[in-house]
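K.L.:
let's see this in three dimensions:
(chains A, B, C and D)
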There are 2 protein chains.
Amino acid sequence: MKPVTLKEIAEQLNISVTTVSKALKDYPDISKKTKAMVKELAQTLNYKPNAFAVNLRTKESKTIGLIIPEIVHHFFSSVIKGIVAQAEKKGYLVIILQSNESYDLEKKQIQLLMSQRVDGILISLANGTAEYNHITDVLAQDKPLVMFDKIAKIVKCSKVIIDDRKAAYTATQHLIDTGCKRIAHFRGALLPQNSIDRFLGYKKALLDNNMPYDPSLVYICECGDNSFEEGKMNARQLLKDHNNVDGIFINTDLVAIGAITEFNEQGVKIPEDISIVGFSNWFMSSVISPSLTTIDQPGFEMGKAAFKQLYREMQQVKKKEPIVYKEIVLETGLIKRQSTKEVLHKMKQI
Amino acid sequence: MKPVTLKEIAEQLNISVTTVSKALKDYPDISKKTKAMVKELAQTLNYKPNAFAVNLRTKESKTIGLIIPEIVHHFFSSVIKGIVAQAEKKGYLVIILQSNESYDLEKKQIQLLMSQRVDGILISLANGTAEYNHITDVLAQDKPLVMFDKIAKIVKCSKVIIDDRKAAYTATQHLIDTGCKRIAHFRGALLPQNSIDRFLGYKKALLDNNMPYDPSLVYICECGDNSFEEGKMNARQLLKDHNNVDGIFINTDLVAIGAITEFNEQGVKIPEDISIVGFSNWFMSSVISPSLTTIDQPGFEMGKAAFKQLYREMQQVKKKEPIVYKEIVLETGLIKRQSTKEVLHKMKQI
DNA sequence: GTTCATTTCGAAATCGTTTTCGTTAACTAA
DNA sequence: TTAGTTAACGAAAACGATTTCGAAATGAAC
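P.N.:
Below you'll find the model as predicted:
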């Protein structure tokens, strides 16, 4: 009933616990006969080392912590999948915590993971997080920690991100290339780095193309929950405020889908009247009508890369080497669909 | 740098480790003065008990394992969220493993969780699982385990499910109530219990309404991955095979959305020509055009209920009581949207 | 002053492994 | 024979916390 221990194996074989332990781990000072004997009995008794005891001695838990703002989210669940898959390959278990975009919760969860003695932490910051002592505390203890997606540039640690600015630039450029003259931007919440960078990319694309940047065309959402409703609201507001906008670059696909729905309901034609580019390439973006041109954000790959970097750092700690931080930038791509027009080749050539 | 231990606190205070431990846990045989002293120092030193040491003694890990077939899935990620939220309330951590619908992997992961000495296991079975020794082994060791969603009826343990049969019956009945005369069914893979039950509900609804059951109207997919493509394929095939089908009950929303897309492309009008009911109530079902009538499958609640039952069992084990298994059936609802017609009240009254 | 109860603390065992450092016995070389 | 190797095993000390069982000190009761 109760799990088998080394002691029980030792007693049955009339040898010491030490010998059993060494035999199972193929120490050179144990005879082949004894090893065979021990291994066989361990096998038949279905012996599994008690992870606690091992961890207590070795100070390795073979476990990492993962904190994300929101689990029910296509992008984040892809990231989880990437992390879990990669971790399993290396024999690591993943403990998942959800911060619900709350700084307080995030802080508590970090504490929890530390007291659990996880070997490393993977985190995507909550929108509410503007102070980073809870993070730097971890780093100060030489505990590997890597941020992904929602990061804080100011904190010195490894990061896995996409180039939001560049991607946003690409998205906006595409609107320009397809003939849009007056381009709005739904930027979501004010604070998160992604939101800022995407906004900057949008702005830069405008200026590089000698188009005026008009702040009244940038829609910020105090709530900042990147919801379907947010998209509808913003779209409704935009129609009230302006009548000559012909393109929108939207922070997130879900918001974009909200906007599309609103435009559809109000009889605004996409892309004839207004072109739209989203961000993330959620599955449903290909399914909605009209399908949504968007930026592909590789969640699975990000999860993989984040774990790989964390693993590297964990190895460094093991070897008592100094941790070397890396910033990994993943490639994104523009996925052209029906919500934007064809590129005007002639225009570009002229 | 290194985490603080009881011993260090004891040394600084010139008292024994025992006293420190007791003081922190409010044992009655420690004076108030000492308690205050200890607690204060522990606070300033930011002492966190070493989870391994505690677990080794108490034989409780305050950790549960969760095995799911697929993380990137709206329903399952909702379940995860429900579990994680509830577990956190009770001070439990969740280790997530993904079986990728593979029996072999699932088996290994169970072993892994057992050697990690998790206090309990939550599992949704892989499609590939047809043998249950790995599960009954766990149960035999009096380790709490509860199945959810994809369960095996044959295994004696707690289960949290919805009444697939009843829900499918409701869905089919709704098609009938809205005037459909010839109703097809896309059932997905052959094996999973859900698939079977939904099929049976569909069939029973037909027979109860004196409508003929025609096996050629039931589309099985060998691949059984419940994909968008599967929906398109089935829809295409259906149009070839039959010209008088006016309603379809589809196993999963994603497949239904595939079908809708195909019908849209081929100019088949929904719901005028064909009415469709899906299953799951994924977010995108409300967003697609026409929006999809579907069965609401409460993922978050299922996760909550599953953890609650597991918690109950873990408490029973703690108190050395026998584990009492429960089968919890969650309510589902029919969400009426545009993919089905209005109910024909007159028809029903006659 | 003796006995008994109460308060407050600590020594030590324990959980299951790992690892260091001996110890024995057998064997080799001279 | 003796010294020096080598092979094979075990005792014991960790790891950090919990808990049992005493022990000392104090106070109360007579």
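
K.L.:
which residues does A:Ile250 bridge with?
P.N.:
Counting by DSSP bridges, A:Ile250 is bridged to A:Phe186.

K.L.:
could you verify my assumption that it touches A:Ile183?
P.N.:
No - using CB atoms under 8 Å as the test, A:Ile250 is too far from A:Ile183 to be in contact (10.9 Å). All C-beta atoms are positioned from the backbone trio N, CA, C, and that covers glycine.

K.L.:
show me which of these two is the more surrounded one.
P.N.:
Ranked by neighbour count (other CB atoms under 10 Å in any protein chain shown), A:Ile250 and A:Ile183 place A:Ile250 first, with 33 against 25.

K.L.:
in contact with that one, which residues?
P.N.:
A:His185, A:Phe186, A:Gly231, A:Ala256, A:Ala259, A:Ile276, A:Val277, A:Gly278, A:Phe279 (CB atoms under 8 Å, 6 or more residues apart in numbering or on different chains).

K.L.:
if we use 10 Å, what do you get?
P.N.:
A:Ile250 sits next to A:171, A:184-188, A:198, A:219, A:226, A:230-231, A:234-235, A:256-260, A:276-280, A:292, A:294, A:339 when contact means CB atoms under 10 Å, 6 or more residues apart in numbering or on different chains.

K.L.:
inside strands: which ones of those residues?
P.N.:
Among the contacts of A:Ile250, the members found in strands (DSSP state E) are A:Ala184, A:His185, A:Phe186, A:Arg187, A:Gly188, A:Tyr219, A:Ile276, A:Val277, A:Thr294.

K.L.:
neighbour count and distance to A:Ser102 added to the residues you listed, as CSV?
P.N.:
Formatted as CSV, the ones in strands among the contacts of A:Ile250 follow (neighbours: other CB atoms under 10 Å in any protein chain shown; distance: CB to CB, whole Å):
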residue, neighbour count, distance to A:Ser102
A:Ala184, 27, 30
A:His185, 26, 27
A:Phe186, 30, 24
A:Arg187, 25, 22
A:Gly188, 27, 17
A:Tyr219, 23, 25
A:Ile276, 28, 31
A:Val277, 32, 31
A:Thr294, 28, 28
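
K.L.:
let me have those in JSON lines, extended by pLDDT.
P.N.:
Formatted as JSON lines, these follow (pLDDT from 0 to 100):
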{"residue": "A:Ala184", "pLDDT": "97"}
{"residue": "A:His185", "pLDDT": "98"}
{"residue": "A:Phe186", "pLDDT": "97"}
{"residue": "A:Arg187", "pLDDT": "94"}
{"residue": "A:Gly188", "pLDDT": "89"}
{"residue": "A:Tyr219", "pLDDT": "95"}
{"residue": "A:Ile276", "pLDDT": "98"}
{"residue": "A:Val277", "pLDDT": "98"}
{"residue": "A:Thr294", "pLDDT": "97"}
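
K.L.:
can you mark which positions in stretch A:15-32 are buried?
P.N.:
A:Ile15, A:Thr19, A:Val20, A:Ser21, A:Lys22, A:Ala23, A:Leu24, A:Ile30 (16 or more other CB atoms under 10 Å in any protein chain shown).

K.L.:
next, count neighbours for the closest residue to chain B within the stretch 251-350 of chain A.
P.N.:
Residue nearest to chain B within the stretch 251-350 of chain A: A:Met284 (4.0 Å; CB to the nearest CB). By other CB under 10 Å, the residues close to A:Met284 number 23.

K.L.:
low pLDDT regions in chain A?
P.N.:
Within chain A, the stretches falling below the threshold (pLDDT under 70) are A:1, A:224, A:345-350.

K.L.:
contact partners for the residue of the stretch 101-250 of chain A found nearest DNA strand C?
P.N.:
Here the stretch 101-250 of chain A gets closest to DNA strand C at one residue, A:Arg117, 13.8 Å apart by CB to the nearest atom of the strand. The contact partners of A:Arg117, taken as CB under 10 Å, 6+ apart, are A:55-56, A:59-61, A:63, A:143, B:3, B:48, B:50-53.

K.L.:
inside strands: which ones of those residues?
P.N.:
Taking DSSP E as the definition of strands, the contacts of A:Arg117 contribute A:Thr63.

K.L.:
figure out the helix or strand that the spatially closest residue to A:Thr170 that is not a sequence neighbour lives in.
P.N.:
Among residues not flanking A:Thr170 along the chain, A:Leu334 sits closest, at 5.3 Å (CB to CB, 6 or more residues apart in numbering or on different chains). Using DSSP states H and E, A:Leu334 sits in strand A:333-335.
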